[in-house]
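Participant: Return atomic coordinates for the entry below.
(2 chains)
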Protein chains: 2
Amino acid sequence: MRIAVDCMGGDHGPSVTLPACQAFLTAHPDVELVLVGTADALAPAAAWPRCTLVTASEVVAMDDPVEVALRRKRDSSMRVAITQVKPDATGLTRADACVSAGNTGALMAVARYILKTFDGIDRPAIAAMLPNSTGGFTKVLDLGANVDCSAEHLLQFAIMGSALVAALDGKNAPTVGLLNIGEEDIKGSEVIKRAGELLRQAGAAGLINFQGNVEGNDIFKGTTDLVVCDGFVGNVALKTAEGLASMISGFIKAEFTRNAWTRIVALVALPVLNRFKGRVDYRRYGGATLLGLRGLVFKAHGSSDAFAFQNALQRAYDAARNRMLDQVRDRVVSALQAMPAAPDTARQAA
Amino acid sequence: MRIAVDCMGGDHGPSVTLPACQAFLTAHPDVELVLVGTADALAPAAAWPRCTLVTASEVVAMDDPVEVALRRKRDSSMRVAITQVKPDATGLTRADACVSAGNTGALMAVARYILKTFDGIDRPAIAAMLPNSTGGFTKVLDLGANVDCSAEHLLQFAIMGSALVAALDGKNAPTVGLLNIGEEDIKGSEVIKRAGELLRQAGAAGLINFQGNVEGNDIFKGTTDLVVCDGFVGNVALKTAEGLASMISGFIKAEFTRNAWTRIVALVALPVLNRFKGRVDYRRYGGATLLGLRGLVFKAHGSSDAFAFQNALQRAYDAARNRMLDQVRDRVVSALQAMPAAPDTARQAA
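Facilitator: So this is what the prediction gives:
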């Protein structure tokens, strides 16, 4: 099992990624890492066991436009890391999965350019898992890669997302909901209504386990294993949730530090509050999966600390071990006959 | 000051609306209420001071389709209550504002049919206020009335929403953000990019105080006074936030009731937790405003208890006192010349 790591990505770069890699190597004696970065940045890892160092001369900045990452920085650590999971002429890869905390738009564009999508998949999608009230995780896609999606793209997301849940949770027929503004079939925009029809057909054909429309609150209720939406709506929903979580945590902090008495109360309540905090800590599941590509690529949150980045490595490790890539490909292939081809109207987020 | 109340609306009907009205009358000696409902339901209020009882023979159920509310139940309490704010031939109305906790789609459709929109406004919108980290409230519209909005509709929402903030908070030039998936002008769908252009033009013309794109997390940060979005995105964002708040409150409860010790901790922490809870209690601001109509209509949350319904009455009272209807009309009229007419492509949510 080999995982390629873009050590330069994220807000903190090697100061976060290298300690995370070191801890991950210790925790997983069966893992080898391919560390990609500038020679200087990788120097501390020179003597680490089970590591291959691959130098790259350039770094994609968090605010680089997609075009710069794609056309100008051809020797970026991001691009070189992704290349590790691209099969050579004999079908072999140098790594089983790739992890980066870099700029999402750039990662998506470069990964798509280098790896290409599966036949039948027009656009890769970004999937993430969010904690729900049942104690499990709801998988949601797309989260920002694709705006102006067609109904056919939403169907592709449902099929790829089902494969993701199957690989991560071992569920053969994960439940799928279409994010809408009401449960009834007549709700929503024209695209969403048409997507509902396609998903119902795919459900009837046994390709997915479609449960109908779900609403925003169903994500955190855990009504379905998977929630499908276009990238614009998904991104807004995710960021709104992040904003609310941050406000609530600020309010809790403010109330417990209001005066001397509340500070004492906070000391007593700390273990309870910490358990609560652990349940909603984005760092435990802040990573996202790029789906639809001919290679496993994982995105850690740009602001990841070592704990969060290590969890993204864990996600990549689990996916590779569960042969997620094969599962996605198999589902897409078996759906291909029954799936209508998508008019290529979705646009990659600029 | 007279407020018309649909006493039959909401999940709990008169058992919630009548006690709320009674408490509101006590708190506001300058207010008269027009209570609308079935004769039976209104009987307890027969001897209340400063109340006019208006009987209606029908009730719009929470799950009635819009068509039933609009075409079949012509003597519904909802419709009769809305009619109280419709000007007669001499321009006089029987009430200054109307409040209902009924079915949102029905309320919007009936209000639009009875009251009509201002010239220059194609579709009414639903605006709500959400608490933000600054301790204030971010106003967001549209929240579910209009799907498939055009760029011109989003501009209309910005103008009406600015008037709402001006009336509620006394700010003459409230800041406006366009909900998008990134801050840069090149982000988003075609409609959103075009809306960004129109909003920038309106900002340059002094019609609104446009600050550019905002993201989902900015709603709860309070980056701008007003956030503009289409009804689909707004509805998903709002319900996602409701779902997360509900999950977090469930998690807090679960952690504090885990065992005997945490229950003792909870007792100690209770006053602090209650203060926190008060800050995020949707009942304090669960009401929504229907904007763009030639009359003031307020929507209380369907699941309102008496406290929440009384807050919706308070919202209607404040709006009427601050002459919100005139402020919206004045802003729309002054914007009309500078505003491009909207192609009528938005569809009312079914």
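Participant: Residue A:279 and residue B:251 touch, don't they?
Facilitator: Yes. Between residue A:279 and residue B:251 there is a contact at 5.2 Å, judged by C-beta atoms under 8 Å. For glycine as for every other residue, the C-beta is placed from the backbone atoms N, C-alpha and C.
Participant: Looking at these two, which is more packed in?
Facilitator: Higher neighbour count among residue A:279 and residue B:251: residue B:251, with 19 against 16, using other C-beta atoms under 10 Å in any protein chain shown.
Participant: so the longest helix belonging to chain A versus helix B:231-256, what angle?
Facilitator: Secondary structure of chain A read by DSSP state H shows that its longest helix is helix A:231-256. Put simply, helix A:231-256 runs at 40 degrees to helix B:231-256, going by axes from the mean of the first three to the mean of the last three C-alpha atoms, to 10 degrees.
Participant: any idea how far helix A:231-256 is from the chain center?
Facilitator: With C-alpha atoms, centre = their mean, to the nearest Å as the basis, helix A:231-256 stands 19 Å off its chain's centre.
Participant: hmm, whichever helix or strand comes after that helix touching chain B?
Facilitator: Note on helix A:231-256: by DSSP states H and E, the next helix or strand toward the C-terminus is helix A:260-280. Yes. Helix A:260-280 comes into contact with chain B (C-beta under 8 Å from any C-beta of the partner chain), by way of A:262, A:265-266, A:268-269, A:272-273, A:275-276, A:279-280.
Participant: now these: which count as buried?
Facilitator: Burial by neighbour count, 16 or more other C-beta atoms under 10 Å in any protein chain shown: within those this picks out A:262, A:265-266, A:269, A:272-273, A:276, A:279-280.
Participant: Quick check: residue A:296 touching residue A:320?
Facilitator: Yes. Here residue A:296 reaches residue A:320: they are 6.0 Å apart, a contact under C-beta under 8 Å.
Participant: okay, and the common contacts of these two?
Facilitator: Residues within reach of residue A:296 and of residue A:320 at once, by C-beta atoms under 8 Å, 6 or more residues apart in numbering or on different chains, are A:96-97.
Participant: Now the element after the strand or helix carrying residue A:5, going C-ward?
Facilitator: Using DSSP H and E, residue A:5 maps to strand A:2-6. Following strand A:2-6 in sequence order, the next helix or strand is helix A:14-27 (DSSP H and E).
Participant: which helices and strands does that following helix pack with?
Facilitator: In terms of contacts (3 or more C-beta pairs under 8 Å, 6 or more residues apart in numbering or on different chains; DSSP states H and E), helix A:14-27 is packed against strand A:2-6, strand A:32-37, helix A:39-42, helix A:306-321.
Participant: what is the mean pLDDT for it?
Facilitator: The predicted model gives helix A:14-27 an average pLDDT of 97.
Participant: which residues touch that helix?
Facilitator: For helix A:14-27, the external contacting residues (C-beta under 8 Å, 6+ apart) are A:5-10, A:31, A:33, A:35, A:37, A:41-42, A:44-45, A:48-51, A:101, A:304-307, A:309-310, A:313-314, A:317.
Participant: Of those, select the buried ones using a PyMOL command.
Facilitator: To isolate the buried members of the contacts of helix A:14-27 in PyMOL, using 16+ other C-beta under 10 Å:
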select buried, chain A and resi 5+6+7+8+9+10+31+33+35+37+41+42+45+48+51+101+304+305+306+309+310+313+314+317
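Participant: on that earlier part again, nearest to residue B:187, of the helices and strands packed on helix A:14-27?
Facilitator: The closest approach between residue B:187 and any of these, judged by C-beta to C-beta, belongs to strand A:2-6 at 23.7 Å.
Participant: Pull the contacting residues for the residue positioned nearest the centre of chain A.
Facilitator: With distances taken as C-alpha atoms, centre = their mean, the residue of chain A nearest its centroid is residue A:288 (1.4 Å). By C-beta under 8 Å, 6+ apart, the contact set of residue A:288 is A:126-128, A:143, A:298-299.
Participant: From chain B, how far off is it?
Facilitator: As for residue A:288, its distance to chain B is 14 Å (criterion: C-beta to the nearest C-beta, to the nearest Å).
Participant: Quick check: phi and psi at that residue.
Facilitator: Main-chain dihedrals, residue A:288, degrees, to the nearest 10: phi -130, psi 160.
Participant: what's across from it in the sheet?
Facilitator: Using DSSP bridges, the bridge partners assigned to residue A:288 are residue A:128, residue A:299.
Participant: Mind pulling up the pLDDT for it?
Facilitator: At residue A:288, pLDDT is 91.
Participant: Check the one 4 residues further on too.
Facilitator: At residue A:292 the predicted local confidence, pLDDT, stands at 94.
Participant: from memory it sits against residue A:124, does it?
Facilitator: Yes. Counting by C-beta under 8 Å, residue A:124 is a contact partner of residue A:292 at 4.0 Å.
Participant: need the contact list for residue A:195.
Facilitator: Applying C-beta under 8 Å, 6+ apart, we find residue A:195 in contact with A:151, A:154-155, A:178, A:228.
Participant: Distance check, it against residue A:311.
Facilitator: According to C-beta to C-beta, to the nearest Å, residue A:195 stands 32 Å off from residue A:311.
Participant: Same question for residue A:186.
Facilitator: Per C-beta to C-beta, residue A:186 is found 41 Å from residue A:311.
Participant: Which one's more surrounded, these two?
Facilitator: A direct count of neighbours by other C-beta under 10 Å for residue A:186 and residue A:311 places residue A:311 higher, at 22 against 11.
Participant: thinking the more buried one is in contact with residue A:282, fair?
Facilitator: No. The pair residue A:311 / residue A:282 is not scored as a contact, 10.0 Å apart, by C-beta under 8 Å.
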